[in-house]
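In: model this:
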Amino acid sequence: MTLSGGRLPLRALTRRTPGRRGPEHPAAGRPVTRHRTAVAALAALALGGAAVTAEAVVRHRVGDRFATAAAERLGTVPDVGLGGTPVLMQLSRGAFPDVELTADGVSARRMTGLGVDVHLRDVRRAAGTVTVGSSTADVTVGADRLGGDELRRMNGVVVPDPGTGRLLVHLGRTGALTVPVTPSLDGTTVRVTPARPTFDGAPLPDALSAKITGKVRRTVELTGLPMDMKPQKLAVTDDGVRLSLRGGRATLDV
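Out: The predicted model follows:
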């Protein structure tokens with residue numbers, strides 16, 4: 001270029017400044033692309049973390065509401081399971097397909113130390129009312145809880161015999177006096193029916209046998225249960241007795 005204003009040669013127009021990359025250079029544009037990718041990744045992580053936090057908070061609050069309401073009836077605070085589906089999604093759909101409540105040490109019907117596993121299905125809230133489509137429950141009574149304080153005062157021990165569906169009640173310090181009893185379900189009534197007692201394997205005389213079996217025979221009415229549940233099955237297990245219940249549509253105080 002001259003001071004007189006002549007034109008620049010073509011070579012001068014295409015000459016690159018040292019250190020400057022042209023648009024065709026392989027590395028051209030990479031810093032910007034990498035920066036945008038990093039920003040997008042950080043934004044995704046932030047949104048994902050916020051969603052996880054929100055899910056955890058809402059899951060805890062919803063579970064706490066169910067636990068508090070159930071604790072009034074169970075006498076202890078249960079663990080609450082809300083299933084694998086995100087709670088935020090369940091709330092958006094307006095229903096909880098399956099709410100599980102599990103607890104040990106439950107007190108009911110003058111009995112303590114019960115184990116409870118309850119499933120509430122199709123739980124919905126509408127117009128300020130929480131409804132349950134159906135419910136099931138398994139109540140387990142350990143062998144050490146059967147018979148209560150009266151049996152313990154007699155140095156009694158209950159041994160389950162699932163093979164025969166009976167409970168063997170051993171009385172006395174040596175346990176030589178044995179009373180076989182069969183628990184059964186008759187509608188909403190649990191019946192405990194004793195068989196002839198034995199002493200050291202020998203059957204007792206009729207008069208003494210009748211006196212003992214009269215004290216052991218029991219009936220328990222299972223009416224007025226929560227959520228209008230009805231007993232369905234009673235079984236002797238290796239650990240004691242399991243009672244299965246089922247209920248239909250009902251309302252919850254949550």
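In: what is the mean pLDDT for the top strand by length along the chain?
Out: Ordering each strand of the chain by length in residues (DSSP state E) puts strand 111-126 first. In this model, strand 111-126 has a mean pLDDT of 92.
In: Please export the alpha-carbon coordinates of that strand; PDB is fine.
Out: Provided in PDB are the C-alpha atoms of strand 111-126 (Å, rounded to 0.1, in the frame of the first residue of the first chain):
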ATOM      1  CA  MET A 111     -53.200 -57.300  72.700                       C
ATOM      2  CA  THR A 112     -49.800 -55.800  72.300                       C
ATOM      3  CA  GLY A 113     -46.700 -56.500  70.100                       C
ATOM      4  CA  LEU A 114     -48.600 -57.100  66.900                       C
ATOM      5  CA  GLY A 115     -47.100 -56.900  63.500                       C
ATOM      6  CA  VAL A 116     -49.100 -55.100  60.800                       C
ATOM      7  CA  ASP A 117     -48.600 -54.900  57.000                       C
ATOM      8  CA  VAL A 118     -51.400 -52.800  55.400                       C
ATOM      9  CA  HIS A 119     -51.900 -51.900  51.700                       C
ATOM     10  CA  LEU A 120     -54.100 -49.000  50.700                       C
ATOM     11  CA  ARG A 121     -54.900 -49.100  47.000                       C
ATOM     12  CA  ASP A 122     -56.200 -46.300  44.700                       C
ATOM     13  CA  VAL A 123     -55.900 -43.600  47.300                       C
ATOM     14  CA  ARG A 124     -57.500 -40.400  46.000                       C
ATOM     15  CA  ARG A 125     -58.300 -36.900  47.400                       C
ATOM     16  CA  ALA A 126     -61.300 -34.900  46.100                       C
END
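In: Can you give me the buried ones in it?
Out: 114-120, 123 (16 or more other C-beta atoms under 10 Å). Every residue, glycine included, has its C-beta placed from N, CA and C.
In: I'd like these as a markdown table, with distance to V158 appended.
Out: What follows is the buried residues of strand 111-126, written out as a markdown table (distance: C-beta to C-beta, whole Å):
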| residue | distance to V158 |
| --- | --- |
| L114 | 15 |
| G115 | 16 |
| V116 | 20 |
| D117 | 22 |
| V118 | 25 |
| H119 | 28 |
| L120 | 32 |
| V123 | 37 |
